[in-house]
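>>> my questions are about this predicted structure, shown below with the sequence.
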Amino acid sequence: MPRLRLVTESFADDPALDTAVSRALLERVASGELPETLRLARPGRMVAFGKQDAVAPGYPEAAEAARGQGFDAILRLAGGRAAVFHEHTVELAHALPGEDVRSGVHDRFREAADRIAAALRALGVDARVGEVSGEYCPGGYSVNAGGRSKLAGVGQRLIRGGAHLGAVVVAEHAELVRDPLVPVYEALGLEWDPASAGSVADEAPGMDFDQVVAAIRAEYAREYDLVEAELDTDTLELARRLAPEHRSP
């Protein structure tokens, strides 16, 4: 069984740094300085904008709308449209090494989404992989509840020597996704249905962040020997240098 480093540290009070930590892990794994690493963390409140958002005419207004709702405006690591992280969501970042990462894009998407869906089914949710009508940051590898509401989104970033699989899983408080995204998507000129945003607790009452993390961890443990680790000094220093690039103007 292959080994996988597991990091759980988060920087909820500095979402740009928190995002940069996942990027730093990707870069160091891709360069061979670190082995394959999984990060499961509790993030702070942020709206994470994609590259398409950043070049949209309404981007400055969208970033201000996010801040007006009490969420930092961040440039995300993976692709896609604006998504929300908050303290009741699980932040997943899996950094994998590989020489030919482009050839396995869909396989990695599918594996990540399948693991998340299996974890949520273990908690009693009718979790499925696929896009639901009207969802925010739409994608074919979203994880939904019964084909009705989006519970998790999955994104991917490729660099030379490695790939990053990122996901946000909404454990509780779907309203903390809906409320900031309404004005953000309006500013970006994007249509979506707020009713399509759900949470694990909506489907399985009583579930919370810790239980969702435990379930996801258990799914990874089926395929990997998880080895708990702390962020090292070099990774943190690199993350601090990268953090300004992830702060929206």
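Cool, got the structure.
>>> and the strands in this protein?
Assigned by DSSP state E, the chain shows strands spanning 3-7, 37-41, 46-49, 72-75, 83-85, 89-97, 127-129, 143-145, 149-159, 162-170, 225-228.
>>> turn the ones you listed into TSV, columns for mean neighbour count and mean pLDDT.
The way it works is simple: take the backbone N, C-alpha and C, and place the C-beta from them, glycine included. Compiled in TSV, the strands of the chain are given as follows (neighbours: other C-beta atoms under 10 Å; pLDDT from 0 to 100):
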stretch	mean neighbour count	mean pLDDT
strand 3-7	17	98
strand 37-41	22	98
strand 46-49	28	98
strand 72-75	23	98
strand 83-85	27	98
strand 89-97	24	98
strand 127-129	20	98
strand 143-145	25	98
strand 149-159	23	97
strand 162-170	25	97
strand 225-228	12	98
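>>> make JSON lines out of those and add distance to His106.
Putting those into JSON lines (distance: least, C-beta to C-beta, whole Å) gives the following:
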{"stretch": "strand 3-7", "distance to His106": "21"}
{"stretch": "strand 37-41", "distance to His106": "20"}
{"stretch": "strand 46-49", "distance to His106": "22"}
{"stretch": "strand 72-75", "distance to His106": "25"}
{"stretch": "strand 83-85", "distance to His106": "20"}
{"stretch": "strand 89-97", "distance to His106": "14"}
{"stretch": "strand 127-129", "distance to His106": "12"}
{"stretch": "strand 143-145", "distance to His106": "16"}
{"stretch": "strand 149-159", "distance to His106": "10"}
{"stretch": "strand 162-170", "distance to His106": "12"}
{"stretch": "strand 225-228", "distance to His106": "25"}
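>>> spatially nearest residue to Pro180 (excluding sequence neighbours)?
Gln69 (4.0 Å; C-beta to C-beta, 6 or more residues apart in numbering).
>>> how many residues are close by that neighbour?
Here the count is done by other C-beta atoms under 10 Å, and Gln69 has 17 residues near it.
>>> do Asp210 as well
So Asp210, with other C-beta under 10 Å, has 11 neighbours.
>>> tilt between the lengthiest helix in the chain and strand 89-97?
Determined from DSSP state H, the single longest helix within the chain is helix 105-122. Comparing the axes of helix 105-122 and strand 89-97 via axes from the mean of the first three to the mean of the last three C-alpha atoms, to 10 degrees yields an angle of 140 degrees.
>>> helix 105-122 packs against which elements?
Helices and strands touching helix 105-122, by 3 or more C-beta pairs under 8 Å, 6 or more residues apart in numbering; DSSP states H and E, are strand 89-97, strand 127-129, strand 143-145, strand 149-159, strand 162-170, helix 209-221.
>>> make it 6 Å
Counting contacts by 3 or more C-beta pairs under 6 Å, 6 or more residues apart in numbering; DSSP states H and E, helix 105-122 is packed against strand 127-129, strand 143-145, strand 149-159, helix 209-221.
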